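**Q** this one's sequence-less:
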């Protein structure tokens, strides 16, 4: 026999879910306005983790009677406070920056795939080819560099084969560039 309780609800529960949703949404908007636009950025792995935590708190508060709305708002406020504190500390301390941020990783140097760095990034060549296609790369000689960013996003730096060289400053702080011959980079060796 089917247990219909899994797909039904009461009118009171619906009203409470709608009310809680409106309340948590208003709190999210208000806290985001106070904290600034960076609240939902993916500039660092820490920012990404906080964004996921925001979503988890919102979902839990909206779909469950425990925690209640005010506890959910307190949790959001605490997350925003932590994010603000870590952002300030990252600006003033290289130790904090190194602790909370991943360092970008070079995956391709020009048209050369760096298999050891693909392994470090836990990517396959197929993953890399997909990213090149997303960036509209038609030939490998267009690629200047491919970098897995600290957020896990992949940046494909490319130009026409006879186009400009890559400016060295764009690779500052990227792991794997120390072993790369910089012939095709402005300001390189």
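**A** On my side now, so go ahead. These numbers were taken from a predicted model, which means no experiment stands behind them.
**Q** tell me which residues in whichever strand or helix holds residue 24 are buried?
**A** Assigned by DSSP states H and E, residue 24 belongs to helix 11-35. Residues of helix 11-35 classed as buried by neighbour count (16 or more other CB atoms under 10 Å): 20, 23, 24, 27, 28, 31, 32, 35. From N, CA and C alone the C-beta is placed, and that goes for glycine too.
**Q** Just give the nearest non-adjacent residue to the second one, would you?
**A** Computed as CB to CB, 6 or more residues apart in numbering, the closest residue to residue 23 that is not its neighbour in sequence is residue 69, at 4.9 Å.
**Q** Can you name the residues that contact residue 154?
**A** Contact partners of residue 154, counting by CB atoms under 8 Å, 6 or more residues apart in numbering, are 107, 128, 131, 146, 147, 148.
**Q** how about 10 Å then?
**A** 105, 107-108, 121, 123, 127-128, 130-132, 134-135, 146-148 (CB atoms under 10 Å, 6 or more residues apart in numbering).
**Q** Let's see the ChimeraX selection covering just the buried ones among those.
**A** Buried members of these, defined by 16+ other CB under 10 Å, are picked up in ChimeraX with:
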select :105,107,108,121,123,128,131,132,146,147,148
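**Q** farthest-separated two in the contacts of residue 154?
**A** 105 and 134 (18.0 Å; CB to CB).
**Q** Quick one: the helices in the chain, in order.
**A** For the chain, the helices defined by DSSP state H occupy 11-35, 45-63, 69-92, 94-100, 115-121, 125-134.
**Q** which helices and strands sit right next to the longest one?
**A** Spelled out, it's helix 11-35. Applying 3 or more CB pairs under 10 Å, 6 or more residues apart in numbering; DSSP states H and E, one finds that helix 11-35 makes contact with helix 45-63, helix 69-92.
**Q** Identify the residues contacting that helix?
**A** Outside helix 11-35, the residues that touch it by CB under 10 Å, 6+ apart are 9-10, 38-40, 54, 57-65, 68-70, 72-77, 79-81, 83-84, 87.
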